[in-house]
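A.B. asks: Sequence first, then the predicted structure:
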Amino acid sequence: MKLYRRFLTVILLMFVTSLPVMAENTTLVCQGSWGKEVNQLGVTFPAPGVMPTAPYQCIGGYDVDANGMLWFSDSVNSQLKSFKDKNWAYIMLNFGRLGDLVCFNKRLYVLTREPDGIAVVNPENGKVEKHIKIDLKNPGRLKVVSDSHFLLEEQGVGLIMYKNDKVVMHPAVALEPVTDGKRIFGVQYNLEKDSRSIIAAEIADELQEPEMLGLYEAGDTIVFIKTAGINADKPVIMLVTASQPAVIKFIRLGEAASPEKTISLPLFETSFLPASWKLCSDGNLYGFAGSASEGFKVFRSDSAFQ
């Protein structure tokens, strides 16, 4: 997984700078500059004019709730920022090094590293209702299954499964925090440059070994691939191939991992995030683009799976 991210970072540096400011088949949702103000997002530049590649030096994550409110975990400023209808707001947190953020059931779930765990925030009053302590090493994406059941990616280690105050590490490293409520999905390397095995493990009281659902064949060398989420109770993968290094594809898979629908989007420079586009909680695809000189932009894909 780390190899994919390093390769993707190189691809970004080579190609993303030539991307147009406005991408086709997308809508600009918001834009802004870097800083500490309410309508800004924090960033720590490793060198003048250079965007960070390490976590916690820019936003840790973003999501969109059911009401269309866009939320950011502003790690540098230790805040949660929100945007809707040209209005910005913020919630101050007493936690440091903020990671991924998920909107679920009218609450915000935010990964924190200082201290380790998940903060549950009520966006209506800005109060932290609880902080769930989970020892973390290199956390990535977060999935909230219920208010007492979480899946958390520990990159290169495995999948943390938190349920009813119990923490278990699933030993299958290829599983990712993507679930339909019954199975957990993942992508497994199979020694072939142009294909990957799509796997799933049943959610049960006892840990289950993943089974292969099918072989996804890209028809090109794969340089980046992850599961992206669920749509219509089916897994969605995100993919970058060697022949189209400036394009990220989101593909909904059907039976035996056969592609049902593909949405192609421009790849942005956001190597501090798992990917520059996200299948958000409102069911739409949103992309975060950032540059040292021009600030940040958030786009919504005009194409949808539904």
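C.D. replies: Sure, I can see it.

A.B. asks: And residue 283, how far from residue 304?
C.D. replies: Here the criterion is C-beta to C-beta, to the nearest Å. By it, residue 283 lies 7 Å from residue 304. Quick note: C-beta positions are derived from backbone N, CA and C, even for glycine.

A.B. asks: Let me know the next secondary structure element after the strand or helix carrying residue 27.
C.D. replies: Following DSSP states H and E, the helix or strand that holds residue 27 is strand 26-32. Read in the C-terminal direction, the helix or strand following strand 26-32 is strand 59-64, with elements assigned using DSSP H and E.

A.B. asks: so how far is that next one from its chain's centroid?
C.D. replies: For strand 59-64, the gap between its own C-alpha mean and the chain's C-alpha mean amounts to 8 Å (C-alpha atoms, centre = their mean, to the nearest Å).

A.B. asks: Quick one: low-confidence residue ranges for the protein.
C.D. replies: Within the chain, the stretches falling below the threshold (pLDDT under 70) are 1-23.

A.B. asks: And the helices in it?
C.D. replies: Under the criterion DSSP state H, the chain contains helices at 2-15.

A.B. asks: Quick one: end-to-end length of stretch 66-81, please.
C.D. replies: This stretch, stretch 66-81, spans 16 Å end to end (C-alpha to C-alpha, to the nearest Å).

A.B. asks: Quick check: residue 185 touching residue 197?
C.D. replies: No. Between residue 185 and residue 197 there is no contact under C-beta atoms under 8 Å: 11.3 Å.

A.B. asks: Tell me which of these two has more neighbours.
C.D. replies: More neighbours sit around residue 185 than around the other of residue 185 and residue 197, counting by other C-beta atoms under 10 Å; the figures are 26 against 19.

A.B. asks: so what's the more buried one up against?
C.D. replies: By C-beta atoms under 8 Å, 6 or more residues apart in numbering, the contact set of residue 185 is 175-176, 178-179, 198-200, 213, 227, 235.

A.B. asks: If we use 7 Å, what do you get?
C.D. replies: Neighbouring residues of residue 185 by C-beta atoms under 7 Å, 6 or more residues apart in numbering: 176, 178-179, 200, 227, 235.

A.B. asks: Please produce JSON lines containing the residues you listed, extended by neighbour count and distance to residue 55.
C.D. replies: As requested, those are exported to JSON lines (neighbours: other C-beta atoms under 10 Å; distance: C-beta to C-beta, whole Å):
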{"residue": "176", "neighbour count": "26", "distance to residue 55": "17"}
{"residue": "178", "neighbour count": "25", "distance to residue 55": "20"}
{"residue": "179", "neighbour count": "21", "distance to residue 55": "23"}
{"residue": "200", "neighbour count": "21", "distance to residue 55": "28"}
{"residue": "227", "neighbour count": "25", "distance to residue 55": "20"}
{"residue": "235", "neighbour count": "26", "distance to residue 55": "25"}
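
A.B. asks: Among these, which ones are in strands?
C.D. replies: Counting by DSSP state E, the part of those found in strands is 176, 178-179, 200, 227, 235.
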